[in-house]
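Asks: coordinates only, no sequence provided:
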C-alpha cells in the first residue's frame with residue numbers, strides 16, 4: 001500500500017493577507033515564477049501572473065479583509081489596495097509544495113502579514129472529480145464527527161466564525177434520515193434551509209468549514225474554509241494542505257464514515273492518533289503533526305493520565 005497515496009490528488013489554495021498592496025504582491029509572485037503579469041481593473045482589481053508552464057496565479061481584492069500596513073513598526077489602518085488574496089492554479093503536492101512555501105516566505109519578507117485582527121483565512125479547494133455521493137456524505141460526516149477537535153486544533157478566530165461555521169447538525173441528521181444516493185439528493189438537502197437561487201456565486205451556504213456549494217455550482221471542488229492564516233507561516237500552511245488532502249482521501253476511500261462524535265478524554269492524543277490513521281505518519285509529517293496538535297490540551301503520548 002502506498003502510504004503517500006493521499007497526496008496525489010489535485011488541490012488549489014486561496015491565501016488572504018494584508019500589509020502590502022496588490023501591486024507589490026503581484027510583483028513578488030511574478031518575480032518568483034519569472035512569469036508575465038497582466039491586470040484587470042474592476043470590482044476585484046485582479047492581477048494575473050502566467051508562469052512558464054502556462055498556469056495562472058492571481059492576486060485579487062477581498063472585501064472581508066481588515067486592511068492594515070506597518071508604519072514605523074506599528075500596524076495602522078490602510079486602504080483597499082492593501083486587501084490581498086493569493087489564488088493559485090491547480091496544484092499537486094509533490095510538484096508544487098516547495099515552491100508554494102517559498103512564495104509564502106517571499107511575500108512575508110515583502111512585508112505582507114496576517115493576524116487575528118485582519119479577519120484573514122485560507123481556503124483549500126480539493127478536486128471533486130473522483131467524488132461520489134457516498135464520498136460526499138463521508139466528508140460531511142468526517143468533518144461533523146471532529147468539529148470540536150478541528151476548531152480547537154486550528155484555533156479558528158471568533159472574527160472568522162461567520163465565514164467557516166461548524167458542520168450543521170441538522171444537515172447531518174437530514175442526510176442520515178433521507179439516505180440520498182445521488183448528487184441531486186445531497187444537493188437538495190444542502191440548500192434546503194436557504195433562500196435565493198442556488199446558482200449565486202456567493203451563496204450563504206458556502207460559509208461552512210466544508211463548502212459543497214463550490215462542488216454543486218460549476219467549480220467542481222470541495223472547499224475547506226476552516227483555516228486561519230497564521231501570519232504567513234509556510235510550515236503551518238503546508239500542514240493545513242496535508243490535513244485537507246488526508247481528509248479528502250479518507251472520504252474517498254472509506255466505505256462508510258460515522259458522523260458520531262468520539263468520546264475525547266485527551267484531545268492531543270485523540271488528534272495525534274487520528275492523524276496517524278489518515279496518513280500523517282513518519283518523519284515526513286512530523287512537523288505537520290506538531291503544528292496540528294500544538295494548541296490542544298493533554299498528552300500526545302498517553303490517552304489517559306499516567307498512573308503515579
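Replies: That came through fine. Note that the structure is a prediction, hence the values are computed from the model and not measured.

Asks: for the helix or strand encompassing residue 289, packing partners?
Replies: Element membership for residue 289, per DSSP states H and E: helix 286-293. The contact analysis (3 or more CB pairs under 8 Å, 6 or more residues apart in numbering; DSSP states H and E) places helix 286-293 against helix 147-154, helix 234-253, helix 267-277. From N, CA and C alone the C-beta is placed, and that goes for glycine too.

Asks: distance from the chain centre to that helix, please.
Replies: Distance of helix 286-293 from its chain centroid, counting by CA atoms, centre = their mean, to the nearest Å, is 16 Å.

Asks: stretch 31-43 now?
Replies: That offset, for stretch 31-43, works out to 24 Å (CA atoms, centre = their mean).

Asks: all helices for the stretch 101-250 of the chain, in order.
Replies: For the stretch 101-250 of the chain, the helices defined by DSSP state H, counting those that start in this stretch cover 133-145, 147-154, 169-178, 183-191, 213-216, 234-253.

Asks: and of those helices, who's closest to residue 75?
Replies: Residue 75 lies closest, by CB to CB, to one member of the helices of the stretch 101-250 of the chain: helix 234-253, at 20.3 Å.

Asks: what is the neighbour count of residue 244?
Replies: If you count neighbours by other CB atoms under 10 Å, residue 244 ends up with 24.

Asks: then residue 94?
Replies: Residue 94 has 9 neighbours, counted by other CB under 10 Å.

Asks: and it, that's in a strand?
Replies: No. Secondary structure of residue 94 (DSSP: H, G, I helix; E, B strand; the rest coil): helix, not part of a strand.

Asks: which ones are touching it?
Replies: Residues in contact with residue 94, defined by CB atoms under 8 Å, 6 or more residues apart in numbering, are 7-8.

Asks: if we use 7 Å, what do you get?
Replies: residue 7 (CB atoms under 7 Å, 6 or more residues apart in numbering).

Asks: please apply the same query to residue 297.
Replies: 267-268.

Asks: next, it: secondary structure please.
Replies: Put simply, residue 297 is coil when judged by three-state DSSP.

Asks: what about it, distance to residue 275?
Replies: Per CB to CB, to the nearest Å, residue 297 is found 16 Å from residue 275.

Asks: same check, this time on residue 224
Replies: Separation of residue 224 from residue 275 (CB to CB): 16 Å.

Asks: can you pull out the strands in the stretch 1-150 of the chain?
Replies: In the stretch 1-150 of the chain, the strands defined using DSSP state E, counting those that start in this stretch lie at 11-17, 36-40, 46-50, 56-60, 68-71, 74-77, 84-87, 121-127.

Asks: quick one: the third one to strand 36-40, angle?
Replies: Comparing the axes of strand 46-50 and strand 36-40 via axes from the mean of the first three to the mean of the last three CA atoms, to 10 degrees yields an angle of 160 degrees.

Asks: which strands and helices lie in contact with strand 46-50?
Replies: helix 22-33, strand 36-40, strand 56-60 (3 or more CB pairs under 7 Å, 6 or more residues apart in numbering; DSSP states H and E).
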